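*Asks:* Only the shape, not the letters, is given here:
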């Protein structure tokens, strides 16, 4: 089952159960949202979770592309990506979490054909603020799925204040042996789907109050699910990354973690540019700039003679087509090459500045401030030019 079939199966399953599909076609959050990028399907729906009627009704489904900078240092393992897609469903004051979990289990087992013996769930076991989620526990037990009770691992919130609630996560066993241990005890249990019972609002003082309506918000990671269904050990082995993982090694002989980072960051940069963001020194543009420069730093360690201009158009087109950004190949390539030239000039200037005698020894905080404010050299770049060590 390729990625497009996974998406189609998911959306149609919930459409058949009265859900209307909503748009999730941009990384840019709605006006007034303080985050730089959409990090989950929940962001655009916060007002409706808090009681505002949604124009399409109480049952919704979507495919939301997301970007998370918090996972940058984890990119290179088998599951983490910078830009990824979340398959989501919502009950806005309609059905309860028990029905959501039952539908989720049926879709995974009957719709996607996952062996039920390879599933494990986690459920909120209660803490000093809220009692255990007995409804979710009962539903899983009735279906014969093993359950692990946790506390903070199964409490979802979008920050220190705002909508929140207990959640139940579904894991699939990816090991070569029969399933063993529990999701918190063995990393071969891979989380694919989270069902959040969004019933509460946390106040600034830490207290919980009930929302005007009880909601259910679910998020199913498209890339992780696709890897499971395709029998792959990594999201980078799925059809989403096939042309990248096939082509990039022919240009740069990278080790596996570096290859994954380069493919992820370049693909993410293409999507960000396709959504209208340009490199800059602040905000969204700085996130984009950081992605591109991490790629260039990694590639040039292997072969400084090659440029991003050596990347074939197939890679750009494959990514832009998947994300519905068709027709932007030329402009996206131009932005990337312009940023590469800008970074090349910055590196040349940095080397000249750092060759001065005043920087021959250890650098002070005053030195780092001067290099940044006067010459535009951020600390991480200075460290890279000096061999990656901080005195």
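*Replies:* Happy to help now that I have it. Treat the numbers as computed from the prediction; the structure is a model and nothing was measured.

*Asks:* State the number of residues packed around residue 332.
*Replies:* 20 (other CB atoms under 10 Å). Glycine gets a C-beta too; all of them are placed from N, C-alpha and C.

*Asks:* which residue packs closest to it, ignoring adjacent ones?
*Replies:* The shortest distance from residue 332 to any non-neighbouring residue, by CB to CB, 6 or more residues apart in numbering, is to residue 273 (4.8 Å).

*Asks:* so how far is the host helix or strand of that neighbour off the chain centroid?
*Replies:* Assigned by DSSP states H and E, residue 273 belongs to helix 256-274. Mean-position distance between helix 256-274 and its chain equals 12 Å (CA atoms, centre = their mean, to the nearest Å).

*Asks:* and it, what other elements does it pack with?
*Replies:* For helix 256-274, the elements it packs on are strand 59-67, strand 83-92, helix 242-251, helix 283-302, helix 313-322, helix 329-354, judged by 3 or more CB pairs under 8 Å, 6 or more residues apart in numbering; DSSP states H and E.

*Asks:* The residue nearest to residue 332: neighbouring residues, count only.
*Replies:* Neighbours of residue 273 using other CB under 10 Å come to 24.

*Asks:* now the end-to-end length of stretch 72-80.
*Replies:* 8 Å (CA to CA, to the nearest Å).

*Asks:* Check which residues of it are buried.
*Replies:* By neighbour count with 16 or more other CB atoms under 10 Å, stretch 72-80 contains the buried residues 72, 75-76, 78-80.

*Asks:* Could you do stretch 194-208 as well?
*Replies:* So, applying 16+ other CB under 10 Å, buried residues of stretch 194-208: 194-202.

*Asks:* just stretch 3-13 next, same as before
*Replies:* So stretch 3-13, judged by 16+ other CB under 10 Å, has buried residues 3, 6-7, 10-11, 13.

*Asks:* same thing with stretch 125-138?
*Replies:* So, applying 16+ other CB under 10 Å, buried residues of stretch 125-138: 125-126, 130, 132-133, 135-137.

*Asks:* chain center to stretch 184-191: distance?
*Replies:* With CA atoms, centre = their mean, you get 18 Å for stretch 184-191.

*Asks:* Need the contact partners of that stretch.
*Replies:* 79, 120, 122, 148, 150, 153, 169-175, 179-183, 221, 224, 228 (CB atoms under 8 Å, 6 or more residues apart in numbering).

*Asks:* If any of those residues are buried, give me the ChimeraX selection for them.
*Replies:* Here is the ChimeraX selection string for the buried members of these, based on 16+ other CB under 10 Å:
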select :79,120,122,148,150,169,170,171,172,173,174,179,182,183,221,224,228
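
*Asks:* Doesn't residue 195 lie inside a strand?
*Replies:* Yes: under DSSP: H, G, I helix; E, B strand; the rest coil, residue 195 sits within a strand.

*Asks:* hey, what's it bridged with?
*Replies:* Note on residue 195: beta-bridge partners by DSSP bridges are residue 168, residue 218.

*Asks:* That one contacts residue 99, correct?
*Replies:* No: between residue 195 and residue 99 there is no contact under CB atoms under 8 Å: 10.1 Å.

*Asks:* could you dump the helices and strands packed on helix 256-274 to JSON lines with distance to residue 114 and mean pLDDT?
*Replies:* As requested, the helices and strands packed on helix 256-274 are arranged in JSON lines below (distance: least, CB to CB, whole Å; pLDDT from 0 to 100):
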{"stretch": "strand 59-67", "distance to residue 114": "20", "mean pLDDT": "94"}
{"stretch": "strand 83-92", "distance to residue 114": "15", "mean pLDDT": "96"}
{"stretch": "helix 242-251", "distance to residue 114": "22", "mean pLDDT": "95"}
{"stretch": "helix 283-302", "distance to residue 114": "33", "mean pLDDT": "90"}
{"stretch": "helix 313-322", "distance to residue 114": "23", "mean pLDDT": "92"}
{"stretch": "helix 329-354", "distance to residue 114": "36", "mean pLDDT": "90"}
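
*Asks:* who wins for proximity to residue 257 among those?
*Replies:* The closest of these to residue 257 is helix 283-302. By CB to CB, the value is 9.7 Å.

*Asks:* three-state assignment of residue 122?
*Replies:* Going by three-state DSSP: residue 122 is strand.

*Asks:* Give me the pLDDT for it.
*Replies:* With respect to pLDDT, residue 122 scores 98.

*Asks:* got it, and the one 4 residues further on?
*Replies:* As predicted, residue 126 sits at a pLDDT of 94.
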